[in-house]
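Student: Show me the folded form of this:
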Amino acid sequence: MVVNYQKVVPPFQYSTEFRLHVCERMLNGERVASLGDEFAVSVHALYRWRRQALIDAGREAGIKSSDVDPLADARRRIKELEAELALVKTASAFRYGPWAATSLEAVFTRCTGRSGSRPWLPLPVRSFPSDADEAAMLRKR
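Tutor: As a prediction, this is how the structure comes out:
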């Protein structure tokens, strides 16, 4: 048995930002051939990118990019939430100064007035008397 170990070159992938930039220029009316020469990208790839950009924009029928990869939508949502969290942290630091809450423990300590190793644990529950104990207490009165 002969095994041939050839070096496999994986396909080159352009960054998402680069694709968006090129697609934006195509949708603004620049010729595909001139963009292909300028960025050294095949014309066939540019036409595919343009078609997908039109589909994603809702200007053409087809399957959107986010529908093909279910994780892509989740990743996009995570990015949005991280950006929102950063904004809230900045606003809270601006509003409350340098002592703004930065940890879970600090938030619970400030809200409940409880501190310690784990202030977020619930307070111990008092045991309530049973009905028999309550009846005995009423008889004593």
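Student: going forward, measure contacts between C-alpha atoms and count neighbours the same way
Tutor: OK.
Student: would you list every one of the helices in the chain?
Tutor: 16-27, 32-39, 43-57, 65-68, 70-96, 104-112, 131-140 (DSSP state H).
Student: In a markdown table: those helices, plus mean pLDDT.
Tutor: A markdown table is the format used below for the helices of the chain (pLDDT from 0 to 100):
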| stretch | mean pLDDT |
| --- | --- |
| helix 16-27 | 90 |
| helix 32-39 | 93 |
| helix 43-57 | 91 |
| helix 65-68 | 73 |
| helix 70-96 | 81 |
| helix 104-112 | 60 |
| helix 131-140 | 70 |
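Student: which one of those helices is the most hemmed in?
Tutor: helix 43-57 (a mean of 16; mean count of other Cα atoms under 10 Å).
Student: which residues are contacting that one?
Tutor: The contact list for helix 43-57, computed with Cα atoms under 8 Å, 6 or more residues apart in numbering, reads 19, 23, 26-27, 32-33, 36, 60-65.
Student: go with 7 Å
Tutor: Helix 43-57 has contacts (Cα atoms under 7 Å, 6 or more residues apart in numbering) with 23, 32-33, 36, 60-65.
Student: do stretch 14-21 as well
Tutor: So stretch 14-21 is contacted by nothing (Cα under 7 Å, 6+ apart).
Student: Render the CA-only coordinates of that stretch in CSV, please.
Tutor: Provided in CSV are the C-alpha atoms of stretch 14-21 (Å, rounded to 0.1, in the frame of the first residue of the first chain):
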residue,chain,number,x,y,z
TYR,A,14,-11.2,36.8,3.3
SER,A,15,-12.2,38.6,6.5
THR,A,16,-15.8,39.5,7.0
GLU,A,17,-14.9,43.2,7.2
PHE,A,18,-13.1,43.0,3.8
ARG,A,19,-16.1,41.3,2.2
LEU,A,20,-18.5,43.9,3.6
HIS,A,21,-16.3,46.7,2.3
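Student: Now do A53 against R76, distance only.
Tutor: 17 Å (Cα to Cα, to the nearest Å).
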